[in-house]
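>>> give me a model of this one.
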Amino acid sequence: MTTIQTNLQHIKSTLPDGVRLVAVSKFNPNSAIEEAYAMGQRLFGESHAQELVPKAQSLPKDIQWHFIGHLQTNKVKQVVPYVSCIESVDSDRLLFEIDKQAAKIGRVLDCLLQFHVAQEATKFGFSYDECVALLDSEVFGRLHNVRVCGVMGMASITDDQQQIRGEFRRLKQYFDTLKSTYFAQNDSFCELSMGMTHDYPLAVLEGATLVRVGSGIFGERMYQH
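Sure thing, here's the model as predicted:
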């Protein structure tokens with residue numbers, strides 16, 4: 001097996017039933033994705049429209065692509081035909097644009113609402129009050145081409161495991177409250193995406209259903225701009 005395949009096998013061996021792995025393939029070439037694909041991995045995460053689209057066009061069609069980065073509204077049209085889920089919906093404006101573009105091509109697109117739980121201003125996401133205002137709004141009830149399937153978030157980059165677990169725990173509380181308040185009759189509201197290479201084991205302990213691991217599989221990335 002290649003290094004990528006050995007890493008992938010190891011990560012998967014640490015995940016309990018009910019937790020799915022998003023292999024974060026951004027900045028990695030098609031050949032690296034194909035190595036993971038050969039091991040049965042079908043769920044990959046990308047965070048730039050200009051990178052996702054050519055990959056989706058050229059790689060096997062049974063790959064599920066999740067968009068996991070900050071998505072500008074003017075890029076929504078590019079990614080909507082190719083992704084199975086946009087995990088990083090961080091504003092009402094973005095959700096409305098996804099609904100609009102999905103309607104144009106006759107799709108209902110899965111989305112996760114991204115919350116800002118980290119102690120870092122650079123992270124994107126809703127506050128809890130902002131999210132409630134969106135779900136209570138009249139316009140939310142008129143969205144027919146997005147399916148809100150859960151929530152997503154990132155913990156602070158810190159060595160303090162108690163802080164990380166506390167932030168993940170808060171995200172789980174948001175998920176549970178939204179589920180009981182707004183989505184109790186909605187079986188598709190079931191995803192809690194949190195945890196990356198350095199902290200995904202803590203996220204699993206706090207209830208993650210999706211973890212997003214990149215460098216733990218593919219190695220440190222060669223960043224391209």
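>>> hey, let's count contacts and neighbours off CA atoms from now on
Fine.
>>> would you map the strands across this structure?
Using DSSP state E, the strands of the chain run over residues 20-24, 43-46, 64-67, 85-89, 109-115, 146-153, 191-193, 210-213.
>>> report pLDDT for the residue nearest the centre of the chain.
The centre of the chain sits closest to Glu87, judged by CA atoms, centre = their mean, with a distance of 3.4 Å. Glu87 carries a pLDDT value of 98.
>>> same deal with Tyr223?
On the pLDDT scale, Tyr223 gets 50.
>>> chain center to the lengthiest helix in the chain: distance?
Assignment by DSSP state H gives helix 161-182 as the longest helix of the chain. How far helix 161-182 lies from its chain's middle: 16 Å, per CA atoms, centre = their mean, to the nearest Å.
>>> and stretch 129-136, by the same measure?
In this view, stretch 129-136 has its centroid 20 Å away from the chain centroid, taken as CA atoms, centre = their mean.
>>> what residues does it touch?
By CA atoms under 8 Å, 6 or more residues apart in numbering, the residues outside stretch 129-136 that reach it are Asp92, Phe140, Gly141, Tyr182.
>>> equivalent analysis for stretch 11-19, please.
Applying CA under 8 Å, 6+ apart, the external contacts of stretch 11-19 come out as Leu21, Val204, Ala208, Thr209, Leu210, Val211, Gly216, Ile217.
>>> same list (the residues you listed) but as TSV, adding distance to Val108, neighbour count and pLDDT.
Formatted as TSV, the contacts of stretch 11-19 follow (distance: CA to CA, whole Å; neighbours: other CA atoms under 10 Å; pLDDT from 0 to 100):
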residue	distance to Val108	neighbour count	pLDDT
Leu21	23	22	98
Val204	28	23	98
Ala208	24	25	98
Thr209	21	21	98
Leu210	21	22	98
Val211	23	25	98
Gly216	32	18	96
Ile217	31	22	97
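>>> got the residues you listed as a markdown table, with distance to His70 columns?
Below are these laid out as a markdown table (distance: CA to CA, whole Å):
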| residue | distance to His70 |
| --- | --- |
| Leu21 | 20 |
| Val204 | 23 |
| Ala208 | 20 |
| Thr209 | 21 |
| Leu210 | 18 |
| Val211 | 17 |
| Gly216 | 21 |
| Ile217 | 22 |
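>>> which one among those residues gets closest to Asn30?
Comparing the contacts of stretch 11-19 against Asn30 with CA to CA places Ile217 closest, at 14.2 Å.
>>> columns distance to Val53 on top of the strands of the chain, output as CSV?
Formatted as CSV, the strands of the chain follow (distance: least, CA to CA, whole Å):
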stretch, distance to Val53
strand 20-24, 15
strand 43-46, 10
strand 64-67, 10
strand 85-89, 14
strand 109-115, 16
strand 146-153, 20
strand 191-193, 23
strand 210-213, 19
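>>> out of those strands, the one nearest Leu52 is which?
Leu52 sits nearest to strand 43-46 of all those, at 5.9 Å, using CA to CA.
>>> I appreciate the help and will end here.
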